[in-house]
Every structure is written in structure tokens, then in C-alpha cells.
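Q: what follows is a predicted protein model with its sequence.
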Amino acid sequence: MTDNKKKYAALKKNGEFQFLFKKGKSVVTYAFVCYYLLSRRRANRCGIITSKKIGNAVKRNRARRVIKEAFRYFEPLVREKTDRRYDFVFVARVQTPEIKSDRVLSLMKKKLFDLL
């Protein structure tokens, strides 16, 4: 039997996204742009943005799923490495729907892990 609970906390409010864009640090890869900022909350939080530049609804949803799945594996590694908690916003890019989630995960590890 599977557990349908979310494995991470989500950013939902527009103000939270805007705050991260203005105050957060950014990392750019060919698959995504990530904005991150130290948080006072108990959990790491993630928000995902997919614009219409990526393609139709099917491609945008695929990009979200790929990033969500990669973050699901990345988040416990962040918890293990540091006691600090972060807010992340991932902005999908045009290539994201065509990439597998394990490739996105390896990009997260390579680009973000050392910065946290």
C-alpha cells in the first residue's frame, strides 16, 4: 500500500515566490534555474514554476513531475548534510520535459549541494 502524502512542503503563495526571486541566490543549469534562501522553518520547501514557453500542458506537467521527483530524492540529502533549512524555487527550462529525473537529480547534487 502506498502512502499518498507529500514528501516535502510546498511554496504556494505568490509573495513567497517573489521574495525568493528578490532576496535569494540563484543557480543556473540547462535543465532548470534554482533560487534558494535560508529559511527559519522546520522543513525544506520547494516551489516549481513552468511557463508557457516550455510547451503545452502535457510538457509543463512533465517538467513539474521531473523536478518534483528529483527534489524528493534531493531533500533528504540536504537534511542529512546540514541542520539549516532552505526554501527552493525551481524554474523549468525548455529542455526539462525531455530529461529524466535522475539527470535532474545529478544536476541538483552537482550545482546546489556544495552551496548549501
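A: Nice, thanks for sending it over.

Q: which outside residues touch the helix or strand of the chain with the lowest mean pLDDT?
A: Counting by mean pLDDT, DSSP states H and E, the chain has its least confident helix or strand at strand 9-10, which shows a mean of 88. Strand 9-10 is contacted by residues 41, 43, 44, 45, 46, 47 when judged by Cβ atoms under 8 Å, 6 or more residues apart in numbering. C-beta: built from backbone N, CA, C; applies to glycine.

Q: which secondary structure elements does the lengthiest helix in the chain contact?
A: Secondary structure of the chain per DSSP state H: the longest helix is helix 57-81. Here helix 57-81 touches strand 45-49, strand 85-92, helix 101-112, going by 3 or more Cβ pairs under 8 Å, 6 or more residues apart in numbering; DSSP states H and E.

Q: now the angle from it to helix 101-112?
A: With axes from the mean of the first three to the mean of the last three Cα atoms, to 10 degrees applied, the angle from helix 57-81 to helix 101-112 works out at 50 degrees.

Q: pull the residues that contact helix 57-81.
A: For helix 57-81, using Cβ under 8 Å, 6+ apart, the contacting residues are 7-8, 32, 44, 46, 48, 50-52, 54, 86, 88, 90, 92, 96-97, 99-102, 104-105, 108-109, 112-113, 116.

Q: list the contacts of the residue nearest to the spatial centre of the chain.
A: Geometric centre of the chain, nearest residue: residue 90, 4.2 Å, by Cα atoms, centre = their mean. For residue 90, the contact set (Cβ under 8 Å, 6+ apart) comprises 32, 33, 34, 46, 47, 48, 49, 67, 71.

Q: for the fourth one, give the beta-bridge partners.
A: Residues found in beta-bridge contact with residue 46 (criterion: DSSP bridges) are residue 10, residue 88.

Q: residue 115 - how many residues pack around it?
A: Under the neighbour criterion other Cβ atoms under 10 Å, residue 115 is assigned a count of 10.
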